[in-house]
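Peer 1: model this:
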Amino acid sequence: MEIKDVVFVYQMVEEMDIAWHSRVHNHNQREYEIHYFLQGEGKFKTGNTLFNITKGSLFLTAPFEEHSITSTNLDKPLTYYAVLIKTSERDFDIDQLLQDELNNSKYYNIGSNYRFFFEEIREKGLSVNINLQKSAIHQFLSFLYQLSEEPKEISGIDRENIHIEKALMVMQNSIFTEINLDDLAGKLKLNNSYFIRLFKKKMKITPMKYYTRLKVEAAASMLISSNMHIYEIGERLNFYSEFHFSRVFKNFTGLSPKQYRLDYRQFNQKNC
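Peer 2: Below is the predicted model:
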C-alpha cells in the first residue's frame, strides 16, 4: 500500500475552489479515497448515494467510483482532509478489508478529534523520508482496521496528543485573524516553553512556524482559486504588507505569489 496524496482543504468558500472540489470525479484501479470532514455543511455523493456531511463525517470511495462534494451553506464552509491510497497486487488482505467496508458502509461518523491524526499522516506520508512514509502507511492501515470494528469508534487517541489536537483546531480556525504564541499557549493552559517543546516533538516544527505555513497554504489556494489581487490576499491573511506576504510565501514555496499563481493555474488548466 502507498499513500499517494493527502490534501487539507480549509474553508471551501472561493467560487473556483468550490467548483474544483465539487466536480464529479473518480480514481484509478486499486485507488481508494478517504474524506474526513472537520466542519461545515454539505452533501457527499458517492455512486448513487447522497449523504449529509456533518462534523466528524468520514467517507470511503472505491476505485472508479464517481464522487463529489457540495457545499450547502457558505456561512458554514467545509474543511476537510482527503487521503488517496493505492494498493498493490500483493495487498490482498487490504483490498479485502476495503471491499468489505465498502459493501457494509461508505459512511462513518468518527467524531472531530482526529485532526492531529490526519495532519500527522499528511506530514509523514508526503515526507521525502522513506521511514516516515512507512510509518504513515502503518498508522493509516491500523486506522482502517479499527474502522472495520463495531461499534464504529476508533480507539487509541494518545492523551499527549489532546493538546496538539486543540492547538491545531485553534490555529486552523485563526487563519484569517491573528494569534500569537502567548494567546495560543494561554488557550491550552500551558506555559510557552512546554507547549513549544510538545508541539515540536509531535509535529517536527515550531507552533508559530506551522501557523505561518497554514496561512501560506491558504494563500496558495486563494491564488489558484480566486481572482483576488495579491495584496488583497496578503491583507486578508493579516500579513503586514504585500512585501512581507511575498517574502514569507517565497520562503515556504520557493516561488513568488505571482509566479505560483501563473504556474499552478496553467497546470490545473492542462489537467482538468
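
Peer 1: give me phi/psi at Tyr81?
Peer 2: Backbone torsions of Tyr81, given as degrees, to the nearest 10, read phi -110, psi 140.

Peer 1: where does it land on pLDDT?
Peer 2: Note for Tyr81: predicted pLDDT of 91.

Peer 1: tell me who's in contact with the closest residue to it other than its chain neighbours.
Peer 2: Leaving out its chain neighbours, the residue that sits closest to Tyr81 by Cβ to Cβ, 6 or more residues apart in numbering is Phe118, at 4.1 Å. (Each C-beta comes from the backbone N, C-alpha and C, glycine too.) The contact partners of Phe118, taken as Cβ atoms under 8 Å, 6 or more residues apart in numbering, are Val6, Phe8, Tyr36, Tyr81, Val83.

Peer 1: could you do Leu60 as well?
Peer 2: Leu60 is in contact with Tyr32, Glu33, Ile34, Leu98, Glu101, Leu102, Lys106, Tyr108, counting by Cβ under 8 Å, 6+ apart.

Peer 1: which SS state does it fall under?
Peer 2: strand (DSSP: H, G, I helix; E, B strand; the rest coil).

Peer 1: give the bridge partners for it, please.
Peer 2: Ile34 (DSSP bridges).

Peer 1: show me where the protein has helices.
Peer 2: For the chain, the helices defined by DSSP state H cover 15-22, 92-104, 115-125, 130-147, 161-172, 181-188, 192-203, 207-225, 230-236, 242-253, 257-271.

Peer 1: sketch out the low-pLDDT regions of the stretch 51-200 of the chain for me.
Peer 2: Residues of the stretch 51-200 of the chain meeting the criterion pLDDT under 70: 150-160.

Peer 1: now do stretch 103-123: distance to the chain's middle.
Peer 2: 10 Å (Cα atoms, centre = their mean, to the nearest Å).

Peer 1: which parts of that stretch are buried?
Peer 2: 106, 108, 110, 112, 114-123 (16 or more other Cβ atoms under 10 Å).

Peer 1: got it, and stretch 66-83?
Peer 2: Residues of stretch 66-83 classed as buried by neighbour count (16+ other Cβ under 10 Å): His67, Ile69, Ser71, Pro77, Leu78, Thr79, Tyr80, Tyr81, Ala82, Val83.

Peer 1: ok, back up a step: among the contacts of Phe118, name the ones in strands.
Peer 2: Val6, Phe8, Tyr36, Tyr81, Val83 (DSSP state E).

Peer 1: give the contact list for the third one.
Peer 2: Contact criterion Cβ under 8 Å, 6+ apart gives Ser57, Leu58, Tyr80, Tyr81, Ala82, Val83, Ile110, Tyr114, Phe118 as the residues in contact with Tyr36.

Peer 1: now swap in the first one and tell me
Peer 2: Going by Cβ under 8 Å, 6+ apart, Val6 touches Tyr81, Ala82, Val83, Leu84, Phe118, Ile121, Arg122, Gly125, Leu126.

Peer 1: can you pull up the bridge partners for it?
Peer 2: Val83.

Peer 1: I'd like the numbering to begin with 159 instead of 1 from here.
Peer 2: Done: numbering now begins at 159, and the last item shifts to Val164.

Peer 1: and the gap between it and His402?
Peer 2: 29 Å (Cβ to Cβ, to the nearest Å).

Peer 1: follow-up on the earlier one: from the contacts of Phe276, pick the one nearest Leu208.
Peer 2: Proximity of the contacts of Phe276 to Leu208 (Cβ to Cβ) peaks at Tyr194, which lies at 18.4 Å.

Peer 1: mind giving me a markdown table with the contacts of Phe276 and columns for distance to Asn409?
Peer 2: Below are these laid out as a markdown table (distance: Cβ to Cβ, whole Å):
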| residue | distance to Asn409 |
| --- | --- |
| Val164 | 22 |
| Phe166 | 20 |
| Tyr194 | 29 |
| Tyr239 | 25 |
| Val241 | 27 |
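
Peer 1: between these, which is nearest Ala177?
Peer 2: The closest of those, once distances to Ala177 are taken by Cβ to Cβ, is Phe166, at 18.7 Å.

Peer 1: leaving out chain neighbours, which residue sits closest to the closest one?
Peer 2: Tyr239 (5.5 Å).

Peer 1: could you check how far that neighbour is from Met174?
Peer 2: Computed as Cβ to Cβ, the Tyr239 to Met174 distance reads 21 Å.
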